[in-house]
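[1] any chance you could fold what I've pasted below:
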Amino acid sequence: GSDTISISNSGEVVDTTPACCADSDERTYGRVHGTSEFAVLATPTPGAANGAAAMLAAPSPVFEPTRGFFAAPFDLTVSAAGASLTVSCTVDGSDPSVGGAQIATSGAPPLTIRVDPAGGASRTWAAPSVGVRCVTSGASLRPSATATHTYIFPEAVLDQPEHVPEGSGVFWTTAMTLNGADADASRAEQLAALSAIPTMSIAMPHEELFGVQGIHRGPNLEEDDYEFGASVELLYPDGDARWAGFDGFQVDAGVRIQGGGGRWREGEYDHKQSFSLKFRTEYGYSKLKYPVFESAPLNAAGAADEFDTLILRAGHNKGWGSTWDSKNTVYTRDQFSRDLQIAVSGAGSHGTFVYLYLNGLFWGLYNLVERPDHNFQAAYFGGDGDDYYAGKHRGGDISGDDSAFELFKSTVSKSSDYGAVAAALDVPNYIDQTLLAAYSAVGDYPQYYFGQRMLPTQGPLRFFMWDIEDSWGGGSRRSGVNYDASDDPQFDRFDET
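    Numbers count the residues shown, from 1 in each chain. As a prediction, the model looks like this:
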């Protein structure tokens with residue numbers, strides 16, 4: 001950030017406040033009471049004199065080289081600027097600032113860490129990427145924020161071995177298996193494909209991901225409040241003109257399992273789960289501030305650049321990991337349909353495609369998308385998320401006051417007074433999504449999100465397409481070439497939610 005300069009009405013500089021607090025957006029900053037010193041304050045004191053300064057943070061660890069894609073193992077150097085400091089690092093996903101972490105190395109900087117997809121140090125499994133997480137500490141300093149850099153070895157992706165934990169509730173495999181046209185591609189073509197789109201890496205304590213109490217264990221999949229902290233990185237391959245000017249990001253967030261049918265029966269229907277990323281103050285930042293969809297194939301220019309939630313969709317009904325209809329896998333239908341809604345009505349859920357790594361393991365292709373909830377509405381229609389009501393057809397209320405929606409559903413939607421309907425509903429938006437759903441023959445309709453502004457005044461009700469991968473003549477029993485939408489009772493429900 002930059003310094004803040006306070007100027008009087010006469011144009012005189014009254015005060016200058018130095019830039020502050022790069023490691024969080026939720027700190028109280030000001031002059032320490034009785035001094036001219038600016039500092040992060042230990043406790044907020046609104047309406048009263050400022051208190052004492054908080055303990056200063058240790059300098060952040062510096063990685064050389066930084067995150068990226070590599071052809072062979074190498075020695076990583078981790079340093080920190082300052083005297084009498086200690087740097088502690090992990091390579092198994094655990095946070096070195098938290099008690100019980102499996103510290104791979106610790107000592108006075110600089111440290112040298114061997115980065116090798118074959119494993120070693122405290123990581124006991126082979127995996128094609130290595131996430132190194134480090135924290136700096138020192139006397140009379142609070143620890144730095146944990147920094148994470150992921151190093152990816154594409155050659156190792158193609159040879160990824162089986163690595164699953166012992167015990168019950170394990171419904172997935174990890175050994176690399178190529179499907180469809182990929183199975184006939186040369187190794188050079190396969191390697192080129194791994195740099196054809198951006199990459200996302202999640203690093204978190206292994207037990208909280210794959211352990212008996214982890215989010216990805218069969219009996220825990222349908223626990224909606226199961227969420228753990230993690231590092232999330234977006235990486236672009238080096239040396240490719242398509243990604244010029246795109247930096248990517250690393251931020252800490254909450255991670256949980258996302259979706260409906262894919263979670264049923266402890267993962268029996270889908271070996272590849274979807275994930276939800278939650279950006280909250282407890283993890284560091286209350287929002288992710290980065291143009292995530294800057295490289296999206298469609299609608300990149302109009303996408304938001306701040307997010308409370310992102311979804312990593314696995315494409316349950318049309319994905320290789322599903323036992324439902326994997327023979328008709330086409331990953332693009334869902335995002336294509338949401339992009340069409342943006343094209344015809346101006347608003348819808350933006351998305352792109354990424355490769356995902358979980359604690360070093362390659363997890364395949366994912367559709368990274370916005371969740372069209374109350375915060376999404378605020379991003380595109382103004383105001384704050386708390387100003388909006390949001391709901392989902394198969395999920396109910398998400399946030400806000402639903403009184404206007406309930407009135408619309410019970411009374412206004414049944415009215416023959418077009419003026420009353422048009423005053424409560426964004427009619428073009430509703431027509432667009434209805435036509436799109438019918439034209440694409442969505443096999444799982446309706447799964448849309450909906451909502452409206454309630455504060456300071458009520459706005460129109462809008463609908464946003466969702467869960468559309470089973471569509472466009474996809475070949476399944478619900479949207480194949482022999483499917484007749486006119487005989488489908490689900491299309492009698494267009495006037496319902």
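[2] give me the low-pLDDT residue ranges for the chain?
    1-2, 19-27, 42, 53-54, 121-122, 179-182, 474-497 (pLDDT under 70).
[3] so which residues of it form helices?
    154-157, 187-193, 206-210, 332-345, 374-381, 403-410, 418-424, 427-440 (DSSP state H).
[4] pull the first one out as PDB, backbone CA atoms only.
    This file holds the C-alpha atoms of helix 154-157, laid out as PDB (Å, rounded to 0.1, in the frame of the first residue of the first chain):
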ATOM      1  CA  PRO A 154       5.500 -32.500 -14.700                       C
ATOM      2  CA  GLU A 155       7.500 -35.600 -15.700                       C
ATOM      3  CA  ALA A 156       6.600 -37.100 -12.300                       C
ATOM      4  CA  VAL A 157       2.900 -36.400 -12.900                       C
END
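[5] so which residues make contact with that helix?
    Applying C-beta atoms under 8 Å, 6 or more residues apart in numbering, the set of residues contacting helix 154-157 from outside is 69, 71, 117, 126-129, 176, 191, 194-195, 362. All C-beta atoms are positioned from the backbone trio N, CA, C, and that covers glycine.
[6] top of those residues by number of neighbours, please.
    Among the contacts of helix 154-157, the one with the most neighbours (other C-beta atoms under 10 Å) is residue 129, at 27 neighbours.
[7] dump the residue contacts of it.
    If you count contacts by C-beta under 8 Å, 6+ apart, residue 129 has them with 117, 150-153, 156, 201, 357, 360-362.
[8] distance check, the nearest residue to it once chain neighbours are set aside against residue 218.
    Closest residue in space to residue 129, ignoring its immediate chain neighbours: residue 152 at 4.3 Å, by C-beta to C-beta, 6 or more residues apart in numbering. Residue 152 sits 28 Å away from residue 218, going by C-beta to C-beta, to the nearest Å.
[9] give me the more crowded residue out of the two.
    The residue with more neighbours, out of residue 152 and residue 218, is residue 152; 25 against 16, by other C-beta under 10 Å.
[10] picking up where we left off before, keep only those of the contacts of residue 129 that are in strands.
    Taking DSSP state E as the definition of strands, those contribute 150-152, 201, 357, 361-362.
[11] which one (most neighbours) among these?
    Of all the ones in strands among the contacts of residue 129, residue 201 has the most neighbours under the rule other C-beta under 10 Å, reaching 28 neighbours.
[12] beta partners of it?
    Judged by DSSP bridges, the bridge partners of residue 201 are residue 233, residue 357.
[13] residues touching it, list them.
    Neighbours of residue 201 in contact, by C-beta under 8 Å, 6+ apart: 129, 131, 150, 152, 231-233, 235, 356-357.
[14] in a markdown table: the residues you listed, plus distance to residue 166.
    Output for the contacts of residue 201, formatted as a markdown table (distance: C-beta to C-beta, whole Å):
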| residue | distance to residue 166 |
| --- | --- |
| 129 | 23 |
| 131 | 23 |
| 150 | 26 |
| 152 | 27 |
| 231 | 26 |
| 232 | 28 |
| 233 | 29 |
| 235 | 31 |
| 356 | 24 |
| 357 | 22 |
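[15] one step back: which among the contacts of residue 129 gets closest to residue 267?
    residue 361 (16.1 Å; C-beta to C-beta).
[16] quick check: beta-bridge partners of that closest one?
    On the basis of DSSP bridges, residue 361 is bridged to residue 358.
[17] correct me if wrong: it contacts residue 160.
    Yes. The criterion here is C-beta atoms under 8 Å, and residue 361 meets it with residue 160 at 6.9 Å.
[18] what's the overlap in contacts for these two?
    When C-beta under 8 Å, 6+ apart defines a contact, the residues bordering residue 361 and residue 160 alike are 127-128, 174.
[19] now those in JSON lines, with distance to residue 267?
    Shown next, in JSON lines, are these (distance: C-beta to C-beta, whole Å):
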{"residue": "127", "distance to residue 267": "21"}
{"residue": "128", "distance to residue 267": "23"}
{"residue": "174", "distance to residue 267": "14"}
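[20] and residue 205, how many neighbours does it have?
    For residue 205, the neighbour count with other C-beta under 10 Å is 22.
[21] so for it, what's the nearest residue that isn't a sequence neighbour?
    Counting by C-beta to C-beta, 6+ apart, the residue nearest residue 205 is residue 94, at 4.6 Å.
[22] I'd like to know how far that neighbour sits from residue 369.
    Distance of residue 94 to residue 369, computed by C-beta to C-beta: 29 Å.
[23] okay, and the beta partners of the nearest residue to residue 297 once chain neighbours are set aside?
    Nearest residue to residue 297, sequence neighbours excluded (C-beta to C-beta, 6+ apart): residue 352, at 6.9 Å. Note on residue 352: beta-bridge partners by DSSP bridges are residue 368.
[24] what's the spacing between residue 352 and residue 379?
    Note on residue 352: its distance to residue 379, by C-beta to C-beta, is 16 Å.
[25] check residue 432 too.
    Counting by C-beta to C-beta, the gap from residue 432 to residue 379 is 19 Å.
[26] one more: residue 126?
    For residue 126, the distance to residue 379 equals 41 Å [C-beta to C-beta].
[27] just residue 103 next, same as before
    Where residue 379 is concerned, residue 103 sits at a distance of 40 Å (C-beta to C-beta).
[28] swap in residue 290?
    If you measure residue 290 against residue 379 using C-beta to C-beta, the figure is 13 Å.
[29] measure stretch 292-305 end to end?
    End-to-end distance of stretch 292-305 (C-alpha to C-alpha, to the nearest Å): 7 Å.
[30] what comes up buried for it?
    Residues 292-296, 298-299, 303 are the ones in stretch 292-305 that count as buried (16 or more other C-beta atoms under 10 Å).
[31] and it, how far out from the chain middle?
    Offset of stretch 292-305 from its chain centre (C-alpha atoms, centre = their mean, to the nearest Å): 15 Å.
[32] pull the contacting residues for residue 322.
    The contact partners of residue 322, taken as C-beta under 8 Å, 6+ apart, are 262, 269-272, 315-316.
[33] and of the residues you listed, the nearest to residue 55?
    residue 272 (43.8 Å).
[34] thought the closest one was touching residue 318?
    No. Residue 272 lies out of contact with residue 318 (C-beta under 8 Å); the separation is 11.7 Å.
[35] these two: which is more packed in?
    Set residue 272 next to residue 318 and count neighbours by other C-beta under 10 Å: residue 318 wins out with 28 against 22.
[36] measure residue 142 to residue 79 for me?
    For residue 142, the distance to residue 79 equals 19 Å [C-beta to C-beta].
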